[in-house]
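# build the 3D model from these lines:
(one chain, ligands or ions: 1)
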Amino acid sequence: MQDFTGKVAVITGAASGIGRALTEKCLAEGMQVVMADIEEKALQQAVKELQAAGQNAILPVKTNVAILDEIENLKQQAVDNFGAVHLLFNNAGVGGGGNAWDSTEKDWEWVLGVNLWSVIHGLRVFVPQMIAQDTQCHIVNTASVAGLLGASTNAGYAVTKHGVVALTEILYRDLEAQNLKIGASVLCPGLIDTRIMDSGRNRPASLINDEVPAALTQEQEAGRAAFAAALKEGMKPEQLAEIVFAGIRANQLYIQTHDVFNPMILTRANNITTGTNPSPINLI
Ligand code: NAI
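Sure, this is the predicted structure:
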């Protein structure tokens, strides 16, 4: 997709961080933008700020991306108000740590719903719409560098992000094989300065654990603080948005932000092909 002026973008997780920066970039490209987010107050605040800056081609739609009906409503609102959808960012996501056996069913359900089911719903709902339009379109699914690496103590998050990478690789090939006018990219950011560490703010009450979580050990506290500090020093979302648009224009399947992770990706690939066990790393 090369031509963005006057076209329509739908962005999930648009009230904060990466989604908010993508919204601003789409507006700067002359697009109309449907902003979807579960956090209504933050969404309304973002709209207010954008309108104060003179941007009016915005439609906020409160959406829980884990729920199919809400994604269907999002598509309908976009089509009813703007007539079509050309660019879809399946971006909403939540962080969450823990190993596979200590994470509760509710922990798993929350992270799988927001990070992976959301993308599955998004593709099932929006791809048929784009096919029917028969216009040039593009889909960007936000995974993470955690979807390219084997890391430790982030079982739920890593599973969803590896899932989003696999889903987008298959999507890309299937769209190409059928000669459809839809491009696909998987965004695999490194550390970006957003509110991801504060993801719990949007956890639905029904998915909050009944039992009070065990207090973090000193080591875990220190790890969390170090990660928060690294994120603060991370790339600004506005810079990432520029990288993403360059990737869309180039119809690039893999969009990365930090090549510092490439040696680790290569080590993992090498481990797989040579049957070598990984050494413990603690990244993302
Ligand atoms: P953020 O916390 O600043 O923004 C995430 C947005 O998603 C928030 O506005 C939040 O309200 C929304 N959201 C959460 N649950 C939702 C739900 N059920 N339905 C709809 N919206 C929901 O975090 P950030 O970093 O901007 O996250 C965006 C994406 O980037 C996520 O998929 C995340 O996994 C990914 N990512 C972020 C990295 C980072 O370093 N910040 C690195 C790699 C990937």
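# C-alpha only now, for contacts and for neighbours.
Noted.
# next helix or strand past the lowest-mean-pLDDT helix or strand in the chain?
Ranked by mean pLDDT, DSSP states H and E, the helix or strand of the chain with the weakest confidence is helix 218-232, at a mean of 91. As assigned by DSSP states H and E, the chain's next helix or strand after helix 218-232 is helix 237-249.
# tell me which other helices or strands that following helix touches.
helix 17-28, strand 182-188, strand 254-256 (3 or more CA pairs under 8 Å, 6 or more residues apart in numbering; DSSP states H and E).
# next, the angle from the second one to helix 237-249.
Pointing back at strand 182-188 there. Relative orientation of strand 182-188 versus helix 237-249 (axes from the mean of the first three to the mean of the last three CA atoms, to 10 degrees): 140 degrees.
# can you tell me what sits against strand 182-188?
Strand 182-188 has contacts (CA atoms under 8 Å, 6 or more residues apart in numbering) with 1, 130-131, 136-148, 164-165, 168-169, 171-172, 175, 244, 247-248, 251-257.
# do the longest one as well
With CA under 8 Å, 6+ apart as the test, helix 17-28 has contacts from 4, 9, 11-14, 32-33, 35, 46, 55, 57, 91-92, 193-196, 237-238, 240-242.
# again, but for the last one
Contacts made with strand 254-256 from outside it, assessed by CA under 8 Å, 6+ apart, are listed as 145, 185-190, 243-244, 247.
# follow-up on the earlier one: which of the contacts of helix 17-28 are buried? Put it as a ChimeraX command.
Only the buried entries of the contacts of helix 17-28 go into this ChimeraX selection, using 16 or more other CA atoms under 10 Å:
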select :4,9,11,12,13,14,32,33,35,46,55,57,91,92,193,194,195,196,237,238,240,241
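# quick revisit: for the least confident helix or strand of the chain, buried residues please.
Result for helix 218-232 [16+ other CA under 10 Å]: buried residues 227-228, 231.
# flag every residue of the stretch 51-200 of the chain that's near the ligand.
63-66, 91-95, 114, 142-144, 189-196, 199 (CA under 6 Å from any ligand atom).
# buried subset of the contacts of strand 254-256?
145, 185-190, 244, 247.
# for residue 265, state which of the residues you listed is nearest.
Using CA to CA, residue 145 is the member of those that sits closest to residue 265, with 8.8 Å.
# tell me the bridge partners for the nearest residue to the closest one once chain neighbours are set aside.
Closest residue to residue 145 in three dimensions, ignoring its sequence neighbours and counting by CA to CA, 6 or more residues apart in numbering: residue 188, at 4.7 Å. Beta-bridge partners recorded for residue 188 (DSSP bridges): residue 256.
# mind checking how far residue 188 is from residue 121?
20 Å (CA to CA, to the nearest Å).
# just residue 255 next, same as before
22 Å.
# swap in residue 275?
Counting by CA to CA, the gap from residue 275 to residue 121 is 35 Å.
# give me the more crowded residue out of the two.
residue 121 (20 against 9; other CA atoms under 10 Å).
# what separates the closest residue to the more buried one other than its chain neighbours from residue 204, distance-wise?
Excluding its sequence neighbours, the residue lying closest to residue 121 (CA to CA, 6+ apart) is residue 68, at 5.7 Å. Separation of residue 68 from residue 204 (CA to CA): 16 Å.
# out of those two, which sits in the busier spot?
residue 68 (18 against 11).
# wait, that one touches residue 120, no?
No: counting by CA atoms under 8 Å, residue 68 does not reach residue 120; the two are 9.1 Å apart.
# quick one: the strands in the stretch 101-250 of the chain?
137-142, 182-188 (DSSP state E, counting those that start in this stretch).
# residues of the longest helix anywhere in the chain that come out buried?
Identified as the longest helix of the chain according to DSSP state H is helix 155-177. Residues 155-169, 171-172, 175 are the ones in helix 155-177 that count as buried (16+ other CA under 10 Å).
# repeat that for stretch 44-57.
44, 46-47, 50, 55, 57.
# how about a markdown table for the residues you listed, with pLDDT, secondary structure and distance to residue 83 added?
Formatted as a markdown table, the buried residues of stretch 44-57 follow (pLDDT from 0 to 100; DSSP: H, G, I helix; E, B strand; the rest coil; distance: CA to CA, whole Å):
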| residue | pLDDT | secondary structure | distance to residue 83 |
| --- | --- | --- | --- |
| 44 | 98 | helix | 23 |
| 46 | 98 | helix | 23 |
| 47 | 98 | helix | 21 |
| 50 | 98 | helix | 22 |
| 55 | 94 | coil | 19 |
| 57 | 97 | coil | 13 |
